[in-house]
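>>> can't give you the sequence, but here's the structure:
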């Protein structure tokens, strides 16, 4: 995901780039959680879906705007509850993005821009995944690649992957 540089938001207009540190840090945390769980190859689309879903969770749950390395461990329970199966995570993401946009400053926010782009990718991208609702008829399926598959929005694959990575951490 490429990010175009913006002029400084402090009004000087001296051509400085605004670095989206909050988003990059949230993405780093998500990446580390997924890598430590060793659930998917880091080059797979499934890994990206998990990383983006976790990064959105980390970024949007930071209500104080202060992602701190020390606080990561204390936030694990919050992230677990937000990514749990029975939670309306996608509605929560949309609401938080709306709230942050409404509370936004006059200047563009590169962190929020990257979060919106990640959410767009998670919503609009579909990945071929095992159909967990299918009941195989007849004999047993020999391997996981041979069972029924269905196209699934990336967030629906990434969210449980992220949740499992938090559990394994």
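Looks like it came in fine. The model shown is predicted, which means the values in this text are computed figures rather than measured ones.

>>> Quick one: low-confidence residue ranges for the protein.
1-16, 64-71, 104-107, 132-145 (pLDDT under 70).

>>> any idea which residue sits dead centre in it?
Centre of the chain computed as the mean C-alpha position; nearest residue by C-alpha atoms, centre = their mean is residue 53, 2.0 Å away.

>>> so it makes contact with residue 121?
No - counting by C-beta atoms under 8 Å, residue 53 does not reach residue 121; the two are 10.3 Å apart. C-beta here means a position set from N, CA and C on the backbone, and glycine is covered the same way.

>>> element containing the residue nearest to the centre of the chain?
Using DSSP states H and E, residue 53 sits within helix 45-61.

>>> Would you mind listing the buried residues in that helix?
Neighbour-count burial for helix 45-61 flags 46-61 (criterion: 16 or more other C-beta atoms under 10 Å).

>>> The next helix or strand after that helix packs against which elements?
On the C-terminal side of helix 45-61, the closest following helix or strand by DSSP H and E is helix 72-83. Helices and strands in packing contact with helix 72-83 are listed as helix 45-61, helix 89-102, helix 154-168; criterion 3 or more C-beta pairs under 8 Å, 6 or more residues apart in numbering; DSSP states H and E.

>>> Export those as a markdown table, with columns for distance to residue 73.
Below are the helices and strands packed on helix 72-83 laid out as a markdown table (distance: least, C-beta to C-beta, whole Å):
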| stretch | distance to residue 73 |
| --- | --- |
| helix 45-61 | 13 |
| helix 89-102 | 22 |
| helix 154-168 | 11 |
